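Visitor: sharing a model prediction with you, sequence too.
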There are 2 protein chains.
Amino acid sequence: MSVASDLRAIVTAGVVVDDPDVLGSYSHDDAEWAPYGRPAALVRAATTADVAAVVTYCAEHGVPVVPRGAGTGLSGGANALAGCVVVSLDGMTAVKEINASERLAVCEPGVIGDDLRAAAGDHGLWYPPDPASAPWSTIGGNVATGAGGVCCVKYGVTLDYVLELEVVTGTGAVVRLGRRTAKGVAGYDLRALMVGSEGTLGIVTEITVKLLPARAPERTIAGYFDTVVDAGRAVAAVADAGLVPSALELVDKECLAAVDKWKNMGLSVDADVVLLGRIDTPGSEGDDEAERMRRAFESGGATFAVVSADQQEADALFAARRLAYPALERLGPVLTEDVVVPKAKVPEMLASIQAAAARHDTHIANIAHAGDGNLHPLLITPVGDEAARTRAQAAFDDIIAAALELGGTVTGEHGVGLLKRDGLRRELGPDVLAMQQAVRRALDPHGIMNPGKVFHA
Amino acid sequence: MSVASDLRAIVTAGVVVDDPDVLGSYSHDDAEWAPYGRPAALVRAATTADVAAVVTYCAEHGVPVVPRGAGTGLSGGANALAGCVVVSLDGMTAVKEINASERLAVCEPGVIGDDLRAAAGDHGLWYPPDPASAPWSTIGGNVATGAGGVCCVKYGVTLDYVLELEVVTGTGAVVRLGRRTAKGVAGYDLRALMVGSEGTLGIVTEITVKLLPARAPERTIAGYFDTVVDAGRAVAAVADAGLVPSALELVDKECLAAVDKWKNMGLSVDADVVLLGRIDTPGSEGDDEAERMRRAFESGGATFAVVSADQQEADALFAARRLAYPALERLGPVLTEDVVVPKAKVPEMLASIQAAAARHDTHIANIAHAGDGNLHPLLITPVGDEAARTRAQAAFDDIIAAALELGGTVTGEHGVGLLKRDGLRRELGPDVLAMQQAVRRALDPHGIMNPGKVFHA
């Protein structure tokens, strides 16, 4: 009997797939050059019971389980291992509850971020975390990686919104972690442990998130800069002004040009770098803050800075920022970085990225959640150019080393997956790594949960 | 050789105490009726190295270690075990850094909450978590219990502000968990696991917290109600109005009277229950929100509701709320509850508390972080009245059962300690309890870290 036929006997009819083409398309995420193997089977789970049955079977037979959502990850966390069972949650798409009086939503892991946001919006509520992938990525995947986004600079990341999780554990048990109440400290925070664990401690099958009331319309402040370092100075000036922006994004000319070429949005700007700030404080107080942000941009060296009077133009700039990654991908394979440094080190980190680009003759465009110090240099290589690929990987390693040198982290929101395992080891050091692995063994006693991800096997 | 003399050889001179009177005063926290034993020694640690040396010694010799801060806990988490070493962090009181550009503070665990808040305030910054004990309790203790407070309804709890921890692990290693950057998902979130772990997974020796810019002055809205159930309805009306108050506290007449009797604050109010709301949205927007909260109080059945024009009067009401617990303690032993229920269940929970008081002939006063659904019924017994104590414990158990029945939790911010262990077991169920204990064994392999707390030994 094959694994696929074994599984067919224990899960919902029709969810086990062994068609080679389909298996192929479910074998990896969006991480450039991260290795992946051929799965024994794919289960497009329909229910929590399907997931529990698969994990129980795999625990008994020592078969690795690799969970995945939409496969938009950028670190290889969802890449298949040879002979594994891929459990895809992309078919579990029910928004089960929007509770306005408790300000929470309950959904299945396959719900797309923007769909959850729309469902909350229908009740005058708002789900803040907004990764650039929000139109395509799933809430389950966002939980697995601890996704961030544009508004995190004011509103925090996925962890800050997860109240309760239903999880299939490494032994196939179905448990609930966290709680629906606004507060609670009963026992260790296994909910927080699960968020960002990339499928190595369990598979999330239901998510309860906190919602906020819909907020006031945002004002957009745009600033043009001659250098990334000037833009970095402006970011520091915003913090020093005591402002809490609801977005503070950096996009370089290259990204804007790539989006414009693709979408024809009329984005040509006369600057090397653009900062896009937003303020959502309501009323005249918000007007004042927007003007203070504009002045902070100027004090950082902006050649032009304006509070946008044109909502359509402002939205186009943010849409362009969101489309930067897919637009650049059209030009060739893109290796995406995700380092975070202390905010004051942003100019220095941006300079290091430029130096790495020059040193390794690698084409690097930049987008960044600048207000969080979270930089996404995008390393672009011509299709099929092996030498360029080798140089890009050397630049990638240099960027990680520079971030650690500046007191930063190797991943702010994309996760460790396969691509950041070495960086993680350097960042944590041996004692913390040992604690992490002890926790992993405690919760995945059979060693079947996405093995080889986050840590080397 | 005694444990005390062994320890004297390995820690800072003068920090090991075996004077029986001092040992006695360091043997328990503020939890009424929680058992405690006689420690072998007390170490009032001066440095992280002291803590590491003690844990290493205790791991070798199988001696239990009980860490503590100011001893203001209400669940017995800091109570000594017979023959243990109590490690007090109350002497490590340095605020090491206030970093305005990164908006963070670094402090030792013995720093008092209000002292950290004052130090941040000197830089135009603010540390939000504000348990009622903030004038006396330590940041280390707040981290160990996952403390909350009055402003949590808008600003979140201790976990939401902890960026990085230095921790002495169960094997005596000194590690750093979390990071100073605004974001980061490198590896499992052991920082979050440590927060609220009540000294059972390690001892926190340095804390880096996120700070916010100082906020606008708050407006206070007071509402008088004839019944707790009416007040509960008003709390729901505030949420339904889409408001996010910066405080929403419930205090009953009894608490106000006890404080007034003690402090002579002129608080006599013509109501059984008072709701105290605050709004810190700046500008005219904030004025509007305050008026909307006032109307929500009225719609819930307030006999009187007003936006306070008198800041002194408003501050006196909040001061009274903060002093309620010590004021009631003057009347006799007080057993404090800390349940949280879904916000819509607050009226029902308050009714259950009244029923438990009647059923067990127990005197129960009420304070509550009503906006979070976090209720603190205070069970007061006459000094030395054993029968009353037995009845109070039966009422305590009934309140826990009612909270669980309503989908709530047994502790919102005080921790499990000794008093909530049975409740925890009922709340989590066997599978999650097994996961929690597996994590504990993974990180405390010698079983010496505050054993018997949180879970039964």
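Guide: Arrived safely.

Visitor: now the biggest helix by length in chain A: average pLDDT?
Guide: Across chain A, the longest stretch assigned as helix under DSSP state H is helix A:421-443. Here helix A:421-443 scores 97 as its mean pLDDT.

Visitor: does chain B have contacts with it?
Guide: Yes. Helix A:421-443 comes into contact with chain B (CB under 8 Å from any CB of the partner chain), by way of A:423-424, A:427-429, A:431-433, A:435-436, A:438-443. Using the backbone N, CA and C atoms, a C-beta is placed for each residue, glycine as well.

Visitor: show me the contact partners of that helix.
Guide: If you take CB atoms under 8 Å, 6 or more residues apart in numbering or on different chains as the criterion, helix A:421-443 is touched by A:169-170, A:193, A:200-202, A:400, A:404, A:409-411, A:416, A:447, A:454-456, B:169, B:173-177, B:186-188, B:190, B:193, B:435, B:438-439, B:441-443.

Visitor: make a PyMOL selection of the buried ones in these.
Guide: Buried residues within the contacts of helix A:421-443, by 16 or more other CB atoms under 10 Å in any protein chain shown, are selected in PyMOL with:
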select buried, (chain A and resi 169+170+193+200+201+202+400+404+409+410+411+416+454+455) or (chain B and resi 169+173+174+175+176+177+186+187+188+190+193+435+438+439+442+443)
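
Visitor: for the helix or strand hosting residue A:51, packing partners?
Guide: Secondary structure from DSSP states H and E places residue A:51 in helix A:48-61. Judged by 3 or more CB pairs under 8 Å, 6 or more residues apart in numbering or on different chains; DSSP states H and E, helix A:48-61 is in contact with helix A:3-8, strand A:41-44, strand A:65-68, strand A:85-88, strand A:162-169, strand A:202-210.

Visitor: to chain B, which of those lies closest?
Guide: Closest approach to chain B among these is made by strand A:162-169 (6.7 Å; CB to the nearest CB).

Visitor: with mean pLDDT as new columns, can the helices and strands packed on helix A:48-61 be given to me in JSON lines?
Guide: Below are the helices and strands packed on helix A:48-61 laid out as JSON lines (pLDDT from 0 to 100):
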{"stretch": "helix A:3-8", "mean pLDDT": "97"}
{"stretch": "strand A:41-44", "mean pLDDT": "98"}
{"stretch": "strand A:65-68", "mean pLDDT": "98"}
{"stretch": "strand A:85-88", "mean pLDDT": "98"}
{"stretch": "strand A:162-169", "mean pLDDT": "98"}
{"stretch": "strand A:202-210", "mean pLDDT": "98"}
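
Visitor: where's the closest residue to residue A:201 other than its chain neighbours relative to residue A:177, distance?
Guide: Spatial nearest neighbour of residue A:201, chain neighbours left out: residue A:443 (4.7 Å); criterion: CB to CB, 6 or more residues apart in numbering or on different chains. Computed with CB to CB, to the nearest Å, the distance linking residue A:443 and residue A:177 is 11 Å.

Visitor: on that earlier part again, and the helix holding residue A:51, how far out from the chain's middle?
Guide: 27 Å (CA atoms, centre = their mean, to the nearest Å).

Visitor: next, the buried residues of it.
Guide: By 16+ other CB under 10 Å, the buried positions in helix A:48-61 come out as A:48, A:50-55, A:57-59.

Visitor: also stretch A:330-350?
Guide: So stretch A:330-350, judged by 16+ other CB under 10 Å, has buried residues A:331-350.

Visitor: can you dump the C-alpha atoms of that stretch in PDB for me?
Guide: Backbone C-alpha positions of stretch A:330-350 (Å, rounded to 0.1, in the frame of the first residue of the first chain) are rendered in PDB as follows:
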ATOM      1  CA  ARG A 330       9.000  39.600 -13.600                       C
ATOM      2  CA  LEU A 331      12.600  40.700 -14.200                       C
ATOM      3  CA  GLY A 332      14.200  37.500 -13.000                       C
ATOM      4  CA  PRO A 333      14.600  35.400  -9.800                       C
ATOM      5  CA  VAL A 334      14.400  37.600  -6.700                       C
ATOM      6  CA  LEU A 335      16.000  36.600  -3.400                       C
ATOM      7  CA  THR A 336      14.300  38.500  -0.700                       C
ATOM      8  CA  GLU A 337      16.000  39.600   2.500                       C
ATOM      9  CA  ASP A 338      14.000  40.300   5.800                       C
ATOM     10  CA  VAL A 339      16.500  41.700   8.300                       C
ATOM     11  CA  VAL A 340      15.500  44.100  11.100                       C
ATOM     12  CA  VAL A 341      17.900  46.500  12.800                       C
ATOM     13  CA  PRO A 342      17.400  49.100  15.600                       C
ATOM     14  CA  LYS A 343      15.700  52.100  14.100                       C
ATOM     15  CA  ALA A 344      18.800  54.300  14.600                       C
ATOM     16  CA  LYS A 345      20.800  51.900  12.500                       C
ATOM     17  CA  VAL A 346      18.600  52.000   9.400                       C
ATOM     18  CA  PRO A 347      20.900  54.500   7.500                       C
ATOM     19  CA  GLU A 348      23.900  52.400   8.300                       C
ATOM     20  CA  MET A 349      22.200  49.200   7.300                       C
ATOM     21  CA  LEU A 350      21.000  50.700   4.000                       C
END
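
Visitor: that one vs chain B: in contact?
Guide: Yes. Against chain B, stretch A:330-350 shows contacts by CB under 8 Å from any CB at A:340-344.

Visitor: turn those into JSON lines, columns for pLDDT and secondary structure.
Guide: As requested, the residues of stretch A:330-350 next to chain B are arranged in JSON lines below (pLDDT from 0 to 100; DSSP: H, G, I helix; E, B strand; the rest coil):
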{"residue": "A:340", "pLDDT": "98", "secondary structure": "strand"}
{"residue": "A:341", "pLDDT": "96", "secondary structure": "coil"}
{"residue": "A:342", "pLDDT": "94", "secondary structure": "coil"}
{"residue": "A:343", "pLDDT": "91", "secondary structure": "helix"}
{"residue": "A:344", "pLDDT": "89", "secondary structure": "helix"}
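
Visitor: widest-spaced pair of those residues?
Guide: A:340 and A:344 (12.7 Å; CB to CB).

Visitor: all the helices of chain A, in order from the start?
Guide: Using DSSP H, helices in chain A cover A:3-8, A:20-25, A:48-61, A:113-121, A:139-145, A:152-155, A:190-194, A:228-240, A:253-263, A:283-299, A:311-329, A:346-359, A:386-405, A:421-443.

Visitor: return the most buried member of those helices.
Guide: Highest mean neighbour count among the helices of chain A (mean count of other CB atoms under 10 Å in any protein chain shown): helix A:139-145, with a mean of 31.

Visitor: low-confidence stretches in the stretch 1-150 of chain A?
Guide: Along the stretch 1-150 of chain A, the model assigns pLDDT under 70 to residues A:1.

Visitor: tell me the residues of it that contact chain B?
Guide: A:100-103, A:124, A:145-146, A:148.

Visitor: show me the domain layout of chain A.
Guide: A:3-88, A:95-213, A:216-330, A:332-414 (automatic domain parsing).

Visitor: first vs last residue of the second one, how far apart are they?
Guide: Across domain A:95-213, the straight-line distance between its terminal residues is 18 Å, by CA to CA, to the nearest Å.

Visitor: many thanks, have a good one.
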